[in-house]
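Engineer: Predicted model and sequence below, questions to follow.
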Amino acid sequence: MSTHTECQDSGDTAPSEELPPPSQPSQPSRRRFLQSAAAAATIGAAPHLRAQAQTPAAPPMPGNPAVPPRPVTLNVNGRAYSLQLEPRVTLLDALREYAGLMGTKKGCDRGQCGACTVLADGRRINSCLTLAVMHEGENITTVEGLATQDTLSPLQRAFIEHDAFQCGYCTPGQLCSATALLEEFRGGAASTVTADVRTRPAVLSDEEIRERMSGNICRCGAYANIVAAVRAAHGNA
Ligand code: FES
Ligand code: FES
């Protein structure tokens, strides 16, 4: 691979007579593109380190004074994280950029994809739509907290056994959402496809699973296998 890259790069060092005249804007070279991409990847590799290094806050909007960071303690996966957060920081960014828990994914950042789903006191929420300061005192569970020690949760095992992912980007959100789904169903919660919402749904049918997981988008289209995995984890396989 590196040989191929070197070979391609050598094409950027063409004789000077082949370069565009100085008055014309130069074309972006492959080498420059690769250098830019590598620099971007390096920056993205440790975002929480950047955040913890006290990245300067964005300038305040006119007439909208900046609110300084304040101490916030988040209980995540049974561990207390003491953070310095501006009140505007979302729970998603607090988890990823400040606590260094990169399992929770940012897809749309606007409540449409479910990739950022975590559990707050057992209730599934889109962490991109809520502020971290609102969750002090709650028990937050991310995908990193679903397994115990070295043992995967039954749902995690079912996802593997049923091949319920392809790229895996949506999977942390799917797993958190499905974990809450199973508890909601066991607790007798109805859904919009439950025939009679006054009575506990008798069976967690595929239709029920699809409806209850409809907030979690999978761009790879692994839906059939996700439904099979949830069904298996529930015990109706
Ligand atoms: S990143 Fe939160 S719903 Fe898409
Ligand atoms: S497995 Fe790729 S987005 Fe769902």
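Structural biologist: Nice, I can see it. Ligands and ions are numbered 1, 2, ... in the order given.

Engineer: Give me the nearest residue to the residue nearest the centre of the chain, chain neighbours excluded.
Structural biologist: The centroid of the chain falls nearest to residue 105 when counting by C-alpha atoms, centre = their mean (0.9 Å). Leaving aside its sequence neighbours, residue 105 sits nearest to residue 115 (C-beta to C-beta, 6 or more residues apart in numbering; 4.1 Å). Where C-beta positions appear, they are placed from N, C-alpha and C, glycine not excepted.

Engineer: So the one you found: helix, strand or coil?
Structural biologist: coil (DSSP: H, G, I helix; E, B strand; the rest coil).

Engineer: Against residue 170, how distant is residue 81?
Structural biologist: 25 Å (C-beta to C-beta, to the nearest Å).

Engineer: More neighbours: those two, which one.
Structural biologist: More crowded of residue 81 and residue 170, by other C-beta atoms under 10 Å: residue 170, with 24 against 18.

Engineer: The closest residue to that one other than its chain neighbours: neighbouring residues, count only.
Structural biologist: In this structure, residue 170 finds its nearest non-sequential neighbour in residue 218, 4.7 Å apart by C-beta to C-beta, 6+ apart. Residue 218 is flanked by 22 other residues according to other C-beta under 10 Å.

Engineer: which ones are touching residue 218?
Structural biologist: Listed by C-beta atoms under 8 Å, 6 or more residues apart in numbering, the contact partners of residue 218 are 165, 170, 174, 226.

Engineer: the helices in the protein, which residues?
Structural biologist: For the chain, applying DSSP state H gives helices covering 2-10, 30-45, 47-52, 91-93, 154-161, 171-186, 206-212, 223-234.

Engineer: residue ranges with poor pLDDT in this structure?
Structural biologist: Residue ranges of the chain with pLDDT under 70: 1-61, 63, 236-237.

Engineer: got the residues of it near ligand 2?
Structural biologist: By C-beta under 6 Å from any ligand atom, the residues of the chain that approach ligand 2 are 165-171, 218-220, 222.

Engineer: So among those, which ones count as buried?
Structural biologist: Among these, the ones that count as buried by 16 or more other C-beta atoms under 10 Å are 165, 169-171, 218, 222.

Engineer: same for ligand 1: which of those residues are within range?
Structural biologist: Within those, nothing lies near ligand 1 by C-beta under 6 Å from any ligand atom.

Engineer: Let me have these in JSON lines, extended by distance to residue 121.
Structural biologist: Listed next are those as JSON lines, based on distance: C-beta to C-beta, whole Å:
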{"residue": "165", "distance to residue 121": "27"}
{"residue": "169", "distance to residue 121": "26"}
{"residue": "170", "distance to residue 121": "23"}
{"residue": "171", "distance to residue 121": "23"}
{"residue": "218", "distance to residue 121": "26"}
{"residue": "222", "distance to residue 121": "29"}
